[in-house]
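> model this:
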Amino acid sequence: LGGLVGAGRTEILHAIYGVKKAQSGEVFVSGSKLRLGSPRRAIDAGIAIVPEDRKGAGLILLRSILDNASLPRLRDHLLAGFLRLSMRRNSVVDAMEKVSLNSRSVDQTVATLSGGNQQKIVIGRWLSDETRVLLLDEPTRGVDVGARREIYKIIHDLAAAGLTVLLASSDTPELIGLSHRVLVIRDGGITGELSRNDLEHSSAQEQVFRLASDQAVSTIQPIPEKR
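Numbering: from 1, shown residues only. Here you go, the predicted model:
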């Protein structure tokens, strides 16, 4: 999902995840219609989210990596109402290794980590067999260049492994480089679509900007086929 800041990209992700109520539309996961309106229903259907505001909405900064990484699936580690501590720890350690988290241990406080490593926690905690769809909202905002490259690789590898990734970004080069297809959003609606072939064209960035701005869609020329 591309578009300018305030276009409605975040609201679409929040509606899919059940944080906000959708006025209309349907969501299907693996052919089954999802009953919208609750993050719990979304998680049970295999939908995960990495919010734009990782510090305010994605993490509890004064808690450990272990606590933060296991929050969405605590009930998976329960037996007769008791938390299986070793199982939880092993699961978190495994997930953090998958995203190459740089930390002393999973007991380290999240606030002491860099922005890139904090973002890896928010992504990595969803890496389980139950996740089918990953919603990413500005996944590289506020991270350094090295961490950005690492996050790009994580996203690419997840998609290559068969996970559906729905990415919302105001960074047009990021959007073009990562996406198989881009829907451009303006005022909460879709104003255009670019295929992978369109995105490989030299004018792709300009096309996204025109669709995202208030320029008339009729003035946009179709992208010629690559030869």
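
> my guess is L59 contacts D67, does it?
No - with contact defined as Cβ atoms under 8 Å, L59 does not reach D67; the gap is 9.8 Å. For the C-beta atoms, the positions are set from N, CA and C on the backbone; glycine is no exception.

> what about S169, neighbour count?
23 (other Cβ atoms under 10 Å).

> same question, the one 4 residues further on
For P173, the tally of surrounding residues (other Cβ under 10 Å) stands at 11.

> can you give me the helices for this structure?
9-17, 39-44, 65-70, 85-98, 115-124, 145-160, 172-178, 196-199, 204-212 (DSSP state H).

> any chance of those helices in CSV, with distance to K55 and mean pLDDT too?
Formatted as CSV, the helices of the chain follow (distance: least, Cβ to Cβ, whole Å; pLDDT from 0 to 100):
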stretch, distance to K55, mean pLDDT
helix 9-17, 16, 94
helix 39-44, 19, 90
helix 65-70, 11, 93
helix 85-98, 19, 89
helix 115-124, 7, 95
helix 145-160, 15, 93
helix 172-178, 20, 93
helix 196-199, 31, 94
helix 204-212, 27, 93
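
> tell me which of these sits nearest to G3.
Closest of the helices of the chain to G3 is helix 204-212, at 4.6 Å (criterion: Cβ to Cβ).

> what's across from the spatially most central residue of the chain in the sheet?
Closest to where the C-alpha atoms of the chain average out (Cα atoms, centre = their mean) is L136, at 1.3 Å. Per DSSP bridges, the residues bridged to L136 are V50, L167.

> pLDDT score assigned to it?
L136 carries a pLDDT value of 97.

> which residues touch it?
If you count contacts by Cβ atoms under 8 Å, 6 or more residues apart in numbering, L136 has them with 50, 123, 155, 165-169.

> which of those residues lies closest to R149?
I155 (10.9 Å).

> and the closest one, what does it touch?
136, 139, 165, 167, 178.

> between those, which is closest to I185?
The closest of these, once distances to I185 are taken by Cβ to Cβ, is L167, at 12.3 Å.

> where's N68 relative to N90, distance?
Applying Cβ to Cβ, to the nearest Å, the value for N68 to N90 is 16 Å.
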